[in-house]
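Engineer: the following block contains a protein sequence and its predicted model.
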Amino acid sequence: MQRLENLWKCIADDLAMWCCTSATLDFKRVKSRVEHEGLSFLTITLPAFAKDFEKCLEQGYVDSSAFVGFQRRQGPLPLFLGGFLNQVFDRESGLLLDDPSIDCIFAVRQLTMLCGKMLVPCSEERERAAMEGYVRCEEEVQEADESIPSDTLMEFRRISVLLFSDACSAVDRLLSSGDLRPRHGPGATADRLRGNAKYDQREWPLRLERVFPFSEHVLPRWGYYNHQQARVNFLEPDAERPVKVISVPKTLKTPRIIAVEPTCMQYMQQAILTPLVESLQSRVLPGNTRENLCYGFIGFTDQEPNRHLARLGSETGHLATLDLSEASDRVSNVHVVNLLSRFPHLLEATQVTRSTKAHVPGFGIIPLSKFASMGSALCFPMESMVFLTTIFLGIQNALGRPVTRSDILKLRGQVRVYGDDIIVPVDYVRHVIDALSLFGFKVNVNKSYWNGKFRESCGGDYYDGQDVTPVRLRRPLPSSRADGPEVISLVAFRNLLYFRGMWRAASEVDRYIGKILPHFPTVSVESPALGRHSFLGYETQRMCPELHRPLVKAYVVRSVIPESPISWMGALRKCLSKDGNQPFEDEQHLERQGRPAVVGIKLRWTTPF
């Protein structure tokens with residue numbers, strides 16, 4: 001804990017120098033509260049302070065409800081971080097200054113959010129609360145489905161056809177022709193098949209068989225049908241394997257809840273995912289002459305457009321950033337059925353590849369009204385499509401008339417969805433929030449911004465056009481080289497500190513890393529070595545005798561792919577499913593497969609660039 005306190009002090013000293021103030025008393029307060037409250041002060045209490053700070057930036061003043069638990073003396077501002085806050089708000093009135101210090105805004109956020117996203121396990125009580133929240137969310141989804149007016153659903157269907165007719169029609173034709181290329185993802189599965197074992201799957205639901213026959217999508221060829229049929233368990237709907245709901249570390253306050261899909265479902269979900277995402281992101285689809293209407297409104301791989309719009313919104317004030325709570329778990333299957341009602345093949349494909357029940361620890365097996373939780377390959381694209389349709393439904397309500405293709409085109413570059421990160425024009429915010437709420441979604445008002453000059457989206461935080469994104473410590477500090485992931489994370493953290501100008505803090509981290517890694521050279525950003533990044537270039541320790549290029553002695557990331565044997569049938573299927581005629585990158589892919597069982601570091605000579 002003392003190491004974290006020292007790191008906080010070094011960062012505070014750096015930022016205090018920027019802002020011409022002192023953080024000495026602030027550090028004493030941190031040290032005292034950490035002594036009494038432990039790690040939770042850094043990971044829960046200070047991030048709550050940051051949320052209050054952002055709320056005050058949004059509303060333009062500090063009120064008595066903000067910064068609970070922090071001492072005040074005169075006026076609404078707390079004494080903690082007072083030297084920074086005094087350059088953002090007026091201490092007596094609490095009003096936002098006409099020209100607040102951007103450096104101080106960044107400093108407050110950096111010092112309060114440093115450990116807010118640290119990956120540490122939650123307590124058992126918080127784990128149970130998260131599972132209870134999952135079940136309660138399922139009940140609320142059912143209630144929301146019943147409360148949506150029929151005329152609203154009819155408009156929802158009309159707008160979805162308007163937005164996605166080109167993209168979904170292309171996927172619909174592909175599904176009708178059966179020209180799919182299913183594949184296995186790298187993650188865990190509910191039936192515990194990993195790596196190459198996924199190619200020897202022995203379960204196949206009958207409702208999946210109706211649309212995607214096992215013989216066509218799993219067997220290498222029809223000639224093997226009789227050989228394999230006796231070894232495959234075709235499951236009736238009531239015997240299907242449920243998704244397995246698990247928690248993974250997110251923050252000390254709450255875990256992230258995901259659902260692990262059965263192998264067969266995940267396999268065919270991936271087959272739909274690839275052409276669907278390609279169609280949604282294509283400007284002009286094959287066979288069409290007009291522009292794909294949904295192009296530019298949805299993102300799946302590049303978050304930079306969202307960050308650009310968030311920066312623009314913070315500068316001009318005409319764009320709002322909205323954030324949804326429990327976004328994935330609140331997308332109902334009713335939403336998806338209405339979304340795809342005009343695309344029968346795509347609708348049927350999404351329904352048969354959707355798991356209908358979940359095993360929740362402490363609650364047993366429950367039926368699912370949601371379309372899918374995080375863990376399904378189709379969760380992300382479907383939620384994005386549902387959110388975008390609902391947004392334009394809200395815009396239609398604001399216009400007071402049916403939204404047209406021309407209306408949608410005019411809003412390109414002003415409306416964008418990346419998962420649950422939503423950007424809309426400020427003029428339509430209230431109507432969009434009402435439409436989202438009507439469909440059962442919860443807008444997180446504490447992380448949604450449209451009044452002041454602060455905006456955040458897809459990991460980018462901005463105030464008045466300036467980047468105020470904090471550098472976060474993602475993992476606990478390592479104690480030895482054996483803590484491979486923690487060492488790798490700390491090196492990345494050090495380099496982010498350096499490039500954000502917090503050089504004293506970066507030097508302090510250098511000293512700490514130097515005790516763990518005897519070899520920690522200065523290298524370029526492109527180097528595979530775990531080393532210091534610098535504006536001054538890289539160092540050279542020797543020349544390679546064979547290739548005559550510079551080398552440095554450094555630690556590099558070493559991952560061990562687990563052994564994963566495969567049967568001859570599975571090997572044949574895997575090789576035939578490879579895209580194109582290119583060979584597999586790993587020559588041992590039939591012997592080793594899956595996510596690395598161990599991620600560590602290894603000392604060797606490597607290039608510094």
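Structural biologist: Arrived safely, thanks for sending.

Engineer: go ahead and confirm residue 352 touches residue 206.
Structural biologist: No. Using Cβ atoms under 8 Å as the test, residue 352 is too far from residue 206 to be in contact (9.7 Å). Heads up, the C-betas are built off the backbone N, CA and C, glycines and all.

Engineer: the more surrounded of these two?
Structural biologist: residue 352 (17 against 13; other Cβ atoms under 10 Å).

Engineer: flag every buried residue along the longest helix seen in the chain.
Structural biologist: Longest among the helix segments of the chain by residue count, using DSSP state H, is helix 150-177. For helix 150-177, burial by neighbour count (16 or more other Cβ atoms under 10 Å) applies to 152-153, 155-172, 174-175.

Engineer: same thing with stretch 591-606?
Structural biologist: Of the residues in stretch 591-606, 592, 593, 594, 600, 601, 606 count as buried by neighbour count, 16+ other Cβ under 10 Å.

Engineer: quick one: which of the residues you listed sit in strands?
Structural biologist: 600, 601, 606 (DSSP state E).

Engineer: skipping adjacent residues, who's closest to the second one in space?
Structural biologist: Okay, so that is residue 601. For residue 601, ignoring the flanking residues on the chain, the nearest one in space by Cβ to Cβ, 6 or more residues apart in numbering is residue 555 at 4.3 Å.

Engineer: what's the neighbour count on that neighbour?
Structural biologist: So residue 555, with other Cβ under 10 Å, has 25 neighbours.

Engineer: so it sits right up against residue 523, yeah?
Structural biologist: No. Under the criterion of Cβ under 8 Å, residue 555 makes no contact with residue 523, lying 11.0 Å away.

Engineer: list residues touching both of these two?
Structural biologist: Each of residue 529 lies in contact with both residue 555 and residue 523 under the rule Cβ atoms under 8 Å, 6 or more residues apart in numbering.

Engineer: picking that back up, what's the lowest-pLDDT member of the ones in strands among the buried residues of stretch 591-606?
Structural biologist: Lowest pLDDT among those: residue 600, with 88.

Engineer: quick one: it from residue 207, how far?
Structural biologist: Separation of residue 600 from residue 207 (Cβ to Cβ, to the nearest Å) stands at 44 Å.

Engineer: for residue 445, same thing?
Structural biologist: 40 Å.

Engineer: ramachandran angles for the residue of the chain positioned farthest from its centre?
Structural biologist: Computed with Cα atoms, centre = their mean, the residue of the chain farthest from its C-alpha average is residue 545, at 44.5 Å. Phi and psi for residue 545, reported as degrees, to the nearest 10, are phi -70, psi -30.

Engineer: can I get the longest strand seen in the chain in PDB, CA atoms only?
Structural biologist: Scanning the chain for the longest strand, with DSSP E as the assignment, gives strand 550-560. Output of strand 550-560 as PDB, limited to C-alpha atoms (Å, rounded to 0.1, in the frame of the first residue of the first chain):
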ATOM      1  CA  PRO A 550      21.400  -2.500 -33.100                       C
ATOM      2  CA  LEU A 551      20.500  -4.700 -30.100                       C
ATOM      3  CA  VAL A 552      19.600  -4.100 -26.500                       C
ATOM      4  CA  LYS A 553      19.400  -6.600 -23.600                       C
ATOM      5  CA  ALA A 554      15.800  -6.400 -22.300                       C
ATOM      6  CA  TYR A 555      12.800  -8.400 -21.100                       C
ATOM      7  CA  VAL A 556      10.200  -9.300 -23.700                       C
ATOM      8  CA  VAL A 557       6.700 -10.700 -23.300                       C
ATOM      9  CA  ARG A 558       6.600 -14.500 -23.400                       C
ATOM     10  CA  SER A 559       3.300 -16.300 -23.700                       C
ATOM     11  CA  VAL A 560       2.900 -20.000 -23.500                       C
END
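
Engineer: which of the helices and strands in this protein ranks last by mean pLDDT?
Structural biologist: Lowest on mean pLDDT, DSSP states H and E among the helices and strands of the chain sits helix 225-229, with a mean of 58.

Engineer: after it, which helix or strand is next? Please name it.
Structural biologist: Using DSSP states H and E, the helix or strand that follows helix 225-229 in sequence is strand 233-235.

Engineer: how far does that next one sit from its chain's centre?
Structural biologist: 34 Å (Cα atoms, centre = their mean, to the nearest Å).

Engineer: next one: stretch 592-605
Structural biologist: For stretch 592-605, the distance to the chain centre is 24 Å (Cα atoms, centre = their mean).

Engineer: how long is it end to end?
Structural biologist: End-to-end distance for stretch 592-605, by Cα to Cα, to the nearest Å: 26 Å.

Engineer: what residues sit buried inside stretch 440-451?
Structural biologist: Under 16+ other Cβ under 10 Å, the buried positions of stretch 440-451 are 440, 441, 443, 447, 448, 449, 450.

Engineer: what sits up against that stretch?
Structural biologist: Taking Cβ under 8 Å, 6+ apart as the rule, stretch 440-451 contacts 51, 54-55, 58-60, 140-141, 143-145, 147-148, 320-327, 330, 332, 387, 390, 426, 429, 433, 436-437, 455-456.

Engineer: cool, and stretch 335-346?
Structural biologist: 153, 156-157, 160-161, 164-165, 168-169, 171-173, 175-176, 272, 276, 347, 350-351, 371, 382, 385-386, 389, 439.

Engineer: pLDDT (mean, whole number) over that stretch?
Structural biologist: Regarding stretch 335-346, the rounded mean pLDDT is 96.

Engineer: end to end, how far does it reach?
Structural biologist: Termini of stretch 335-346 sit 14 Å apart (Cα to Cα).

Engineer: where does the stretch 501-609 of the chain have low pLDDT?
Structural biologist: Applying pLDDT under 70 to the stretch 501-609 of the chain flags the ranges 577-587.

Engineer: distance check, residue 514 against residue 507.
Structural biologist: Noted for residue 514: a distance of 10 Å to residue 507, by Cβ to Cβ.

Engineer: neighbour count winner among the two?
Structural biologist: Ranked by neighbour count (other Cβ under 10 Å), residue 514 and residue 507 place residue 507 first, with 16 against 12.

Engineer: for that one, give its distance to residue 14.
Structural biologist: 10 Å.

Engineer: and residue 122, by the same measure?
Structural biologist: From residue 122 to residue 14 the distance is 31 Å (Cβ to Cβ).

Engineer: looking at the two, which one has more neighbours?
Structural biologist: Neighbour comparison, residue 122 and residue 14: the larger count goes to residue 14, with 23 against 19 (by other Cβ under 10 Å).

Engineer: for the strand or helix carrying the more buried one, list every residue counted as buried.
Structural biologist: Using DSSP H and E, residue 14 maps to helix 2-18. If you call a residue buried by 16+ other Cβ under 10 Å, then helix 2-18 has these buried ones: 4, 7, 8, 9, 10, 11, 12, 13, 14, 15, 16, 18.

Engineer: output the contacting helices and strands for the next helix or strand after that helix.
Structural biologist: Using DSSP H and E, the next helix or strand after helix 2-18 towards the C-terminus is helix 24-37. Secondary-structure packing of helix 24-37 (3 or more Cβ pairs under 8 Å, 6 or more residues apart in numbering; DSSP states H and E): helix 2-18.

Engineer: ok, residues contacting the helix it packs on?
Structural biologist: Contacts for helix 2-18 (Cβ under 8 Å, 6+ apart): 22-23, 26-27, 30-31, 34, 39, 42, 83-84, 103, 106-107, 110-111, 114-115, 473, 477, 497, 501-505, 508-509, 512.

Engineer: again, 6 Å this time
Structural biologist: 22-23, 27, 30-31, 103, 107, 111, 477, 502, 504-505, 508 (Cβ atoms under 6 Å, 6 or more residues apart in numbering).

Engineer: list just the nearest of those to residue 134.
Structural biologist: Ranked by distance to residue 134 (Cβ to Cβ), the contacts of helix 2-18 are led by residue 477 at 31.7 Å.

Engineer: what about the closest one, distance to residue 493?
Structural biologist: 10 Å.
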